[in-house]
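Q: curious how this folds, go ahead:
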Amino acid sequence: MLERPSLAEQLRQKRSETVISELESTALRLFEERGFGEVTVQEIADEARISVRTFYRYFPTKEDVLQRRLDQRSDALRAALAHRPVEETPLHALRAALAEVVSAEDAVLLRRWISVVATTPSLLRAVIGGIHLKTLRVIAEFFGARLGTSSDDLIPTVLAAATGGVLQAAHTQWFLHGGDLSTKISECLEVLERGVPSVVDDWLPTVVEGVSS
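A: Sure, this is the predicted structure:
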């Protein structure tokens, strides 16, 4: 049985999370106002009223500020997927989990994050890499578990990649035209869900036979 963190440890964790959130918010605002390349760690620290040393305690580089949103969404998505009913189809479960996760996110910070990434080409490689290694990995693992196969096999990999494309389209539509992001993602994933049931249905009988034999 895992030992529960002490009250003092819980308070330390909460303080750390508060500082990290404030640093992210401050950094994203400065990046959007002045451009990512024009903002220094010293300026972020001064604006947040902390020392540079404290900044580096939480973020190894200022580029790592952009990874926090990916970490948060990946962790929240993994937890939400784990609680979806097993009788749901994989894509429907993913739609519901993503709607839950995205609706809880700060839309203002997310819009700033997208704006900073979109206007800073040097960040794209790290951000896209983070999406593949974090969010899409969580999705592939979920599909693999539901289909009874490895997350690295063809079907989970293809479905995760397709989901990534749908998410990008949904975020672009939302960023350009506004509206509710969680609804937009659900609508876009519904297109995918309607288009691939036969692939999943063909796969599932093999999984069921393997489990029952």
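Q: now do the contacts for the most centrally placed residue in the chain.
A: The residue at the geometric middle of the chain, judged as the C-alpha nearest the mean C-alpha position with C-alpha atoms, centre = their mean, is residue 73 (3.0 Å). With contact set as C-beta atoms under 8 Å, 6 or more residues apart in numbering, residue 73 has these partners: 101-102, 105, 134-135. (Glycine included, C-beta is placed from N, CA and C.)
Q: run the chain-centre distance for the helix or strand that contains residue 129.
A: With secondary structure defined by DSSP states H and E, residue 129 is part of helix 121-130. Distance of helix 121-130 from the chain centroid (C-alpha atoms, centre = their mean, to the nearest Å) equals 14 Å.
Q: kindly report the same for stretch 158-172.
A: Using C-alpha atoms, centre = their mean, we find the averaged C-alpha position of stretch 158-172 to lie 12 Å away from the chain's own average C-alpha position.
Q: hmm, who's touching that stretch?
A: Outside of stretch 158-172, the residues that reach it under the criterion C-beta under 8 Å, 6+ apart are 90-91, 94, 98, 114, 131-132, 135-137, 139-140, 143, 151, 181, 184-185, 187-189, 191-192, 196, 200.
Q: from the residues you listed, which would you call buried?
A: When these are checked for burial by 16 or more other C-beta atoms under 10 Å, the buried set is 90-91, 94, 98, 114, 131, 135-137, 139-140, 143, 151, 181, 184-185, 188-189, 192, 196, 200.
Q: re the thing from before, helix, strand, or coil at the residue nearest to the centre of the chain?
A: For residue 73, the secondary structure call by DSSP: H, G, I helix; E, B strand; the rest coil comes out as helix.
Q: for it, give its distance to residue 168.
A: Look at residue 73 and residue 168: by C-beta to C-beta, to the nearest Å, they are 13 Å apart.
Q: could you do residue 83 as well?
A: Using C-beta to C-beta, we find residue 83 at a distance of 26 Å from residue 168.
Q: what segments of this protein are helices?
A: Taking DSSP state H to define them, one finds helices in the chain at 7-34, 41-48, 52-58, 65-82, 90-103, 107-118, 121-130, 136-147, 154-177, 181-195, 197-212.
Q: quick one, the fifth one and helix 136-147 angle?
A: Here helix 90-103 runs at 140 degrees with respect to helix 136-147, directions being taken by axes from the mean of the first three to the mean of the last three C-alpha atoms, to 10 degrees.
Q: fine by me, we can end here.
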